[in-house]
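[1] Predicted coordinates and the sequence they were generated for:
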Amino acid sequence: MKERYFDHASTTYLDQRVLQTMLPFFSENFGNPSSFHAVGLKAKVAVTEARKKIAAILNSREEEIIFTSGGTESDNLALIGTIRAHSGRGKHVITSSIEHHAVLEPLLLLQKRGEIELTILPVDREGLVSVKDIETALRPDTILISIMFANNEIGTIQPIADIGRSLLNWKKQQATNFPYFHTDACQAAGVLDLDVEKLHVDLMTINGSKIYGPKGIGLLYIRRGTRIEPMMIGGGQERNLRSGTENTPGIIGLSTALALAQQEREQENARLIELRQRLIEGLLKIPKTRLNGHPTERLPNNVNISFLDIEGEAAVLYLDAEGIYVSTGSACASASLDPSHVILATGLSYEAAHGSLRFTLGKHTTDEDIDALISVMPNVVQKLRHMSPVNLDMKYFVK
Amino acid sequence: MSDQTPITTATNEARHGDVVANSKDKGWFYTDEVKEHFFHPKNFMENEEEYGDAAMGMVGSPACGDAMKIWIKVDKATNRITDLKWKTFGCGSAIASTSIMSVMVTENGGMTLEQARKLRPQDIMLRLGGLPARKVHCSVLGDKALRAAINDWYRRNGMNDKLEIEQGRLIDKVLKVTDHDIEEAVLDGALTLEKVQAKTKVGTGDPSCIPEVENLIRFYTDKYFGGAH
């Protein structure tokens, strides 16, 4: 049975070219970059080169890049770190209702502990945050805003540059340095322009495992002048902001992966958008379906569709049996028994949220994979609908 | 509800579950028995028109993520269930547990109505070779739908004295919250007093019952999730 992987937003395979650049740094160049001898120096040089490469892509300074263990740590450090460093300055934080758990959960925890006052902005039906809403929510004591670049579930791309510009205006008017602006760019990193000067962000999260790089490595871009309190305390690596011996092979892998993704993105985006549109068109031919997310402001590799009257986990398992790997926003497939907060935030009903499936394409996805999925999916839906006692009217798609 | 029409209306009361991984949870994946019944479901309802006269029971709602309908035919002379058909909206274990229940109830000449009423979620889980802890609530629904169908059968046969309304012991006498409500809340993933209260409001009417509520939470957590967290 041919296996077809439609879950690239969960994680990607490691690009062989990335692996090749990493291999020398396991047993051969194994040194600790902090060591004061030739072995350590070799590792240090490699880490410096990697940082330079990434800084060029982000249009930032080298010292503005801090390596971490991944997206979750970068998000946590960006939020908790800036909030705690500015507890005397203000308590107000703004975010959106469709952020990744690595952003929402730490913010909710700080809110519960009374460390912040949190405004969670809604999104529209397509999953877009409104710049106007952000402007309205701003307060003199707002210290931080966190809005993700592109959503991992529904693929909606937020107007980060517009938000950034609007915040610059506010800062100018108010003659203040606040609020800081953070974006989680994990899903966007391989696809969109990451120039921090165009985006006007102060903090940006990127990780390796979504861009054909290694797992267990990420970075946080921190604009110079942004004060941040470290969470890992120890040997003072990464400018005292993230102690712990550098993950040299991971850092090398991340820099190669990011460089390759950015070099190839225009061509690959065009290819993926074509496949994506064909898949969307093919799947929406199935009755009682709806596309989640934005029709055009959307990651090139993301398709998210709700199928009424069926439950997502059951569909995932039937597809799995056909060698087709997808994911669902259904409650049944998550550790919590709630359906996806992202899908619900776009105004979909619980019923439709339970029947949502996410198909995310990638480098290895071919025309033939799309054909196979389009031909298998109607049978799976039909079989499950046949078994289902539910036959909802289309009006129950939305709340 | 006694009609044979599919569920066509949505409900707003979705359950806000919050089951987190627990130490005794051996894994997420299903046993071979679960897979067999999920991929090759037995006795599912092919033609509802043929069962227009059959007794029917229903439980759950699509908003909750699980909904089941069960039809039974009963031999009046022996009181045994000779046929059970079902339809399920839900995850893999919801489908598999309804399917295996249909086999358990009808095999070896069929269970008597009294035996069938005593069928418990644990029996179904045992036959399936276990379920991931967070999936337990799915199989709990099948036996409830079955008991509803049995009541419907008695009702249709004019034996109203045999009806058994599912009611538990009153815990919060003001808000009329029963031990069943607390059991449901625990099965839904509320493993702390705070979370059970968020679902049931128990104790806000009659605060004196809170120690007993905490006892029940411990009891049901142990029963369904196999120990302390």
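    The structure has been received and is ready for your questions. Numbering: from 1, shown residues only, chains lettered A, B, ... in the order given.

[2] Just checking, which helix or strand succeeds the lowest-mean-pLDDT helix or strand in chain A along the chain?
    Ranked by mean pLDDT, DSSP states H and E, the weakest helix or strand in chain A is helix A:350-354, scoring a mean of 88. Going down the chain from helix A:350-354, the next helix or strand is strand A:356-360, by DSSP states H and E.

[3] C-terminal to that next one, what's the next element?
    helix A:367-387.

[4] And the helices in chain B?
    Under the criterion DSSP state H, chain B contains helices at B:32-39, B:92-106, B:113-117, B:121-127, B:136-156, B:179-187, B:193-200, B:210-225.

[5] Select, out of these, the one closest to A:Pro122.
    Closest approach to A:Pro122 among the helices of chain B is made by helix B:193-200 (22.4 Å; CB to CB). Using the backbone N, CA and C atoms, a C-beta is placed for each residue, glycine as well.

[6] domains of chain A?
    According to automatic domain parsing, chain A comprises the domains A:4-11+A:265-397, A:16-260.

[7] doesn't A:Tyr221 fall inside a strand?
    Yes - with DSSP: H, G, I helix; E, B strand; the rest coil as the criterion, A:Tyr221 is located in a strand.

[8] surely it meets A:Val196?
    Yes - look at A:Tyr221 against A:Val196 with CB atoms under 8 Å: they come within range, at 6.0 Å.

[9] and these two? which has more neighbours close in?
    A:Tyr221 (27 against 22; other CB atoms under 10 Å in any protein chain shown).

[10] Tell me how many other residues crowd B:Lys176.
    Close neighbours of B:Lys176, defined as other CB under 10 Å, add up to 13.

[11] Correction: the previous question concerned B:Glu49.
    Other residues close to B:Glu49 by other CB under 10 Å number 6.

[12] Buried ones in stretch A:148-161, by neighbour count?
    By neighbour count on 16 or more other CB atoms under 10 Å in any protein chain shown, the buried set for stretch A:148-161 is A:Met148, A:Phe149, A:Ala150, A:Asn151, A:Asn152, A:Glu153, A:Ile154, A:Gly155, A:Thr156, A:Ile157, A:Gln158, A:Ile160.

[13] Likewise for stretch A:294-308?
    A:His294, A:Arg298, A:Leu299, A:Pro300, A:Asn301, A:Asn302, A:Val303, A:Asn304, A:Ile305, A:Ser306, A:Phe307, A:Leu308.

[14] What of stretch A:28-38?
    A:Asn29, A:Gly31, A:Asn32, A:Pro33.

[15] Give me the common contacts of A:Tyr221 and A:Val196.
    A:Leu58, A:Ser60, A:Met204 (CB atoms under 8 Å, 6 or more residues apart in numbering or on different chains).

[16] Show me where the stretch 51-200 of chain A has its strands.
    In the stretch 51-200 of chain A, the strands defined using DSSP state E, counting those that start in this stretch lie at A:65-68, A:92-96, A:117-121, A:142-146, A:180-184.

[17] thinking again about what came up before, make JSON lines from the domains of chain A and add distance to chain B to it.
    Listed next are those as JSON lines, based on distance: least, CB to the nearest CB, whole Å:
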{"stretch": "domain A:4-11+A:265-397", "distance to chain B": "3"}
{"stretch": "domain A:16-260", "distance to chain B": "12"}
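
[18] B:Ala55: which of those domains is closest?
    For those, proximity to B:Ala55 was assessed by CB to CB; domain A:4-11+A:265-397 is nearest, at 15.3 Å.

[19] Can you pull the poorly scored residue ranges out of the chain?
    Using chain A. Applying pLDDT under 70 to chain A flags residues A:331-338.

[20] not quite, I wanted chain B
    Across chain B, residues meeting the criterion (pLDDT under 70) sit at B:1-29, B:133-134, B:136-140, B:166-167, B:226-229.
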